[in-house]
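# curious how this folds, go ahead:
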Amino acid sequence: MSEKPLLDKVVIVTGASRGIGKGLALAFAEAGADLVLSARTLPDLEQTAREVEAKGRRALVVEMDSYKYDTVQAVITRAVDHFGKLDVLVNNAGGSRNVPDGWKGFLEADHIAVERLMQMHVVSPYAAAKAAAAVMMKQGNGGVIINIDSALAHYPSSNVQNYSAVKRALQEMTKLWALDLGPYGIRVNSIGPGITRSATTEKLFADEEAEAKAALTVPLRRLGEPSDIAGMAVFLCTDAAEWISGATVMISGGQRY
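Model prediction:
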């Protein structure tokens, strides 16, 4: 693979302020891409932008709230207005611990929690993908859409039923979008991370002992790093992956939930 396999490509990464999203942005910059970075937390997002620029690539910061679909679609518009094109969309924005009862099960969570999770993890990515696909189809030279779901979509946990369910729905959407967009040369895939270092895991594992205990549940005996996810995302956007579409790649260190 070329040292800069995505040279001068324009890539949108949602939820790029921290954790996996930030790791994705920096990996794409290393691969030669220019970045459009979106999230709600602008100070963290601007820090990501500075680190992208330190790698010699351009970065555009756009504030986005996953629950406000006009801001989601505006990210696509701003990207094209600023860079003149769009090559890749990575739907990474998500989370569930900021959703009341977001990690609870059927007997504990109100239906409003399911509605909010569905908005964040399915409807918002749908809106972004729909707008991005329209641009890519008009350009006529293909493109790539990547959805970041979760390993919990493969192996649902009884403790996080609703989160697992909406991530599974995003996986199914990935297959459907790939079916519709394939004739236009647009590839759609998803990545399912296992336990990966992020703002969420920092809250889950308050000390080294708790983190070490979690790592013991992983066959490779360590938590994932954002770079583990980012490496696959970059690969899926290269010519080496030109016949991969409608697929989900689980990156979990061999863990089965």
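# alpha carbons only for contacts and neighbour counts from here, please
OK.
# residue 13: what's it in contact with?
The contact partners of residue 13, taken as CA atoms under 8 Å, 6 or more residues apart in numbering, are 21, 24, 25, 35, 36, 37, 38, 89, 90, 91, 92.
# name the member of those with the most neighbours.
Neighbour counts for the contacts of residue 13 peak at residue 25, which has 32 neighbours (criterion: other CA atoms under 10 Å).
# on that earlier part again, ok, the contacts of residue 13 vs residue 104, which is closest?
Residue 104 lies nearest to residue 92 out of the contacts of residue 13, by CA to CA, at 21.7 Å.
# would you list every one of the helices in the stretch 51-200 of the chain?
Under the criterion DSSP state H, counting those that start in this stretch, the stretch 51-200 of the chain contains helices at 69-83, 111-118, 124-139, 161-181, 199-204.
# related to what we said a few turns ago, restricted to strands, list the contacts of residue 13.
35, 36, 37, 38, 89, 90, 91 (DSSP state E).
# for residue 124, see how far away the third one is.
The one in question is residue 37. 16 Å (CA to CA, to the nearest Å).
# and if you look at the fifth one?
Using CA to CA, we find residue 89 at a distance of 13 Å from residue 124.
# isn't there a helix covering residue 43?
Yes - assessed with DSSP: H, G, I helix; E, B strand; the rest coil, residue 43 lies in a helix.
# that older thread, may I see the contacts of residue 13 organised as JSON lines, with distance to residue 4 added?
As requested, the contacts of residue 13 are exported to JSON lines (distance: CA to CA, whole Å):
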{"residue": "21", "distance to residue 4": "20"}
{"residue": "24", "distance to residue 4": "15"}
{"residue": "25", "distance to residue 4": "14"}
{"residue": "35", "distance to residue 4": "14"}
{"residue": "36", "distance to residue 4": "18"}
{"residue": "37", "distance to residue 4": "20"}
{"residue": "38", "distance to residue 4": "23"}
{"residue": "89", "distance to residue 4": "18"}
{"residue": "90", "distance to residue 4": "19"}
{"residue": "91", "distance to residue 4": "22"}
{"residue": "92", "distance to residue 4": "22"}
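# perfect, I'm done here.
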